[in-house]
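Novice: please work out how this folds:
(2 chains)
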Amino acid sequence: MQTRLAAILGGLILACVVPLSGCKKSPEAPAPEAAPIKVGAIFSVTGPASFLGAPEAKTVQMFAEKLNQSGGVLGRKIELLVRDSGGSPEKAISLAKQLIDEEKVLAILGPSTSGESLQIKSICQEGQTILLSCAAAEEIVVPLASYVFKTPQKDSQAAQWIFNTMKDLGITKIGVITSNTGFGKGGKTHLEQMAPANGVEILVNEVYEKEATDLTGVLTKVKGAGVQAVVNWSIEPAQGIVAKNMKQIQLDVPLFQSHGYGNIKYVQGSGEAANGTIFPCGRLLVADSLPANHPQKALLTEYKRDYESRYNEDASTFGGHAYDAILILTEAIKKAGSADPKAVRDAIENLKGVVGTAGVFNFSAQDHNGLGLDAFEMLTVKDQKFAIYQK
Amino acid sequence: MDFALFVQYALSGITVGSVYAIVAIGFNIIYCTTGIINFAQGEFLIVGAMTAISLAQVAPLPVAILGAVLITTALGAVVELVFIRQVRNASVLRLIIITIGLSIVMREVMLHIWDEQVRSLPYFTGTEVSTVTILGAHISPQVLWVLGVSAVIVAALTLFFRCTTTGRAMRACADDRMAACLCGVNDRWMVTLSFMLSAGIGALAGCVVSPITQTQYDMGAPLAIKGFTVAILGGMGNSMAAVAAGLFLGLLEAFVVSVLPSSYKEVAAIVVLLLILVFRPSGLFARRDVSALRAA
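Specialist: Alright, predicted model coming up:
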């Protein structure tokens, strides 16, 4: 009995530790006359953060293909090496080392999640390889590392928009639930730090497993505390579960989500329970309802149309972050007139007024994100579709 | 804590516990006939749910679920015939390792068939926002479905193992294969049958929990680990005990959340499991003599 149990437990551990994930290789680019520019990409195409990584990988492949068909950049093609990290920081580290040391890439696009990005930040800095992270956490660019940039809006800006909306609604007592990931942790910290200044009191502050499949327990605790609103900060499918569970236990207060909610699949995951959810987000999701003279309108509608017709699925803001990453890289290569890492890095810091999917980027030596507070818009869910939030 | 809130915690515990319980039942069947733990049980669940989700697009829900159960049952048979039966000198340990390998292969195949996206079946009754009110607290009707289906499965299994010749033959194989063979039981087919049963029940469980947990290709392992914990907790091989242990663990986790930060709930579950393994290794509800016989 004991040896059998030992075997079983051993097996259990094995089963936990050996989840293989499909390593998708990028298609080999045809050899052009001039040597191609090698660009690495690390996205969590599979695993719990696949909502982010899969559209990101598809987007950069689409972008690179289009660019290469029209002659590439500086007459050289982009050779894209897309790697799947499965959302695991450990795997991201070894993939980053491989891309830097063996493939000698100019830049790495991604990773998809904050946890992974923070893990490889110093590796890219030491390897003098440009990192264009597609993850949200502010710690990626604060403190500054000279080779590290990020394209999504900052966490603190998202939190500020949430607090502003709460002020409008007269909400002062809230419950905060976050997932145990880098992104969740970052959001938790910002909400905790900024709440007092915004006159909001956090009555319940709970962290849940990123694989959570039911959150009624945590939400019961929130309900018991008598809050006026719930803020959920995560990127996992749990975002859909929170909305469902709140309705199921009849916790009838507004639900705020983070900018990690920008994928219509989360809404579909919770059906009509998603209606009324409020969250800050880039404008991609409401591109069609933007006024015609909005600077982002043309780019957003084009990206959306291209992506949706090619992959036959809805575009998400996450794919947009990857679009911005590769856009900024190619713009910087053009500006630098070479593919030398140092020159391209300097060029990114001098990019101004680049219209991307997240907003208009104005980089500087101090700001490696380049987006202002106006890159966000408060959105809501109406009839299971995204709409601009109006009080 | 007022009464309504107390009930709400209890209902939340039942929601989680019912999922654990229905997953645990599947482990018991293969264990009952072969003594091995099927680590691909979680994957059977996901295959079942995914197949049902695909079929539900062209067929009504009950038909889709029935189809998924039949397809997964067939898959269980194929798995046994192709992998388990071919092993020579099959020790229990070797077979367990094979099921771990199978779980990885099945996960990767599912990734290629159904990609990485999260899907779910529609709620059987009502929608995402429907609730049933019990003593001032609320619960999703789907949880009642999970409990009901678990009860039906347990009752049917008990009848099957106690009252039919085939069921008795399966139990005989587990107790003593040689003796069962001498009595004319075709032990190989009993093992195949147990894989089919367990895959079919896994598929049904996967379909019933899908609206609650949602379904993704790699969710099998975490579900199976909880289910396995519960199966051990109740005492391997006893389906009714598995349901009781599942609800117990769910309730324990819910009430731990009520007093401690929710990140501690896993700790509580593991501590209980360790205590059980140390003090009652044959499970909470097992009779000692029975398990001693089985371990011998």
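
Novice: let me see the contact set for residue A:142.
Specialist: Going by CB atoms under 8 Å, 6 or more residues apart in numbering or on different chains, residue A:142 touches no other residue. The C-beta positions use only the backbone N, C-alpha and C, and glycine is treated the same way.

Novice: please redo it, this time with the cut-off set to 10 Å
Specialist: A:154, A:156, A:366-369 (CB atoms under 10 Å, 6 or more residues apart in numbering or on different chains).

Novice: okay, it: pLDDT?
Specialist: pLDDT, residue A:142: 88.

Novice: per-residue pLDDT of residue 5, please?
Specialist: Unless you meant another one, I'm taking chain A. Listed pLDDT for residue A:5 reads 53.

Novice: actually chain B
Specialist: Residue B:5 is given a pLDDT of 88.

Novice: over to residue A:13?
Specialist: At residue A:13, pLDDT is 52.

Novice: what's the answer for residue A:284, then?
Specialist: In this model, residue A:284 carries a pLDDT of 91.

Novice: isn't it right next to residue A:299, touching?
Specialist: Yes: contact criterion CB atoms under 10 Å: residue A:284 and residue A:299 qualify, at 9.5 Å.

Novice: intersection of neighbour lists for these two?
Specialist: Shared contacts of residue A:284 and residue A:299 (CB under 10 Å, 6+ apart): A:320, A:323, A:356-357.

Novice: state the mean pLDDT of the strand or helix carrying residue A:62.
Specialist: Assigned by DSSP states H and E, residue A:62 belongs to helix A:50-69. The average pLDDT within helix A:50-69 is 94.

Novice: if we can go back for a sec, can you put the contacts of residue A:142 in a markdown table and add secondary structure and neighbour count?
Specialist: Formatted as a markdown table, the contacts of residue A:142 follow (DSSP: H, G, I helix; E, B strand; the rest coil; neighbours: other CB atoms under 10 Å in any protein chain shown):
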| residue | secondary structure | neighbour count |
| --- | --- | --- |
| A:154 | coil | 25 |
| A:156 | helix | 18 |
| A:366 | coil | 9 |
| A:367 | coil | 17 |
| A:368 | coil | 22 |
| A:369 | coil | 24 |
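
Novice: in chain B, which spans are helices?
Specialist: Assigned helices in chain B, in chain order: B:3-34, B:41-55, B:61-79, B:92-114, B:141-163, B:165-175, B:177-182, B:187-213, B:220-234, B:239-259, B:265-279, B:288-295 (criterion: DSSP state H).

Novice: need the winner for burial among these.
Specialist: Counting by mean count of other CB atoms under 10 Å in any protein chain shown, helix B:41-55 has the highest mean neighbour count of those, with a mean of 27.

Novice: just the CA atoms of stretch A:377-391, as CSV, please.
Specialist: The C-alpha coordinates for stretch A:377-391 follow below in CSV (Å, rounded to 0.1, in the frame of the first residue of the first chain):
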residue,chain,number,x,y,z
GLU,A,377,-11.5,55.1,-22.5
MET,A,378,-14.0,53.8,-20.0
LEU,A,379,-16.0,51.0,-21.6
THR,A,380,-18.9,48.9,-20.6
VAL,A,381,-20.7,45.8,-21.8
LYS,A,382,-24.1,46.3,-23.3
ASP,A,383,-26.1,43.4,-24.7
GLN,A,384,-22.9,41.3,-24.6
LYS,A,385,-21.0,43.8,-26.7
PHE,A,386,-18.4,46.5,-25.8
ALA,A,387,-19.7,50.1,-25.8
ILE,A,388,-18.3,53.4,-24.6
TYR,A,389,-19.3,53.9,-21.0
GLN,A,390,-21.7,56.8,-20.2
LYS,A,391,-22.9,57.5,-16.7
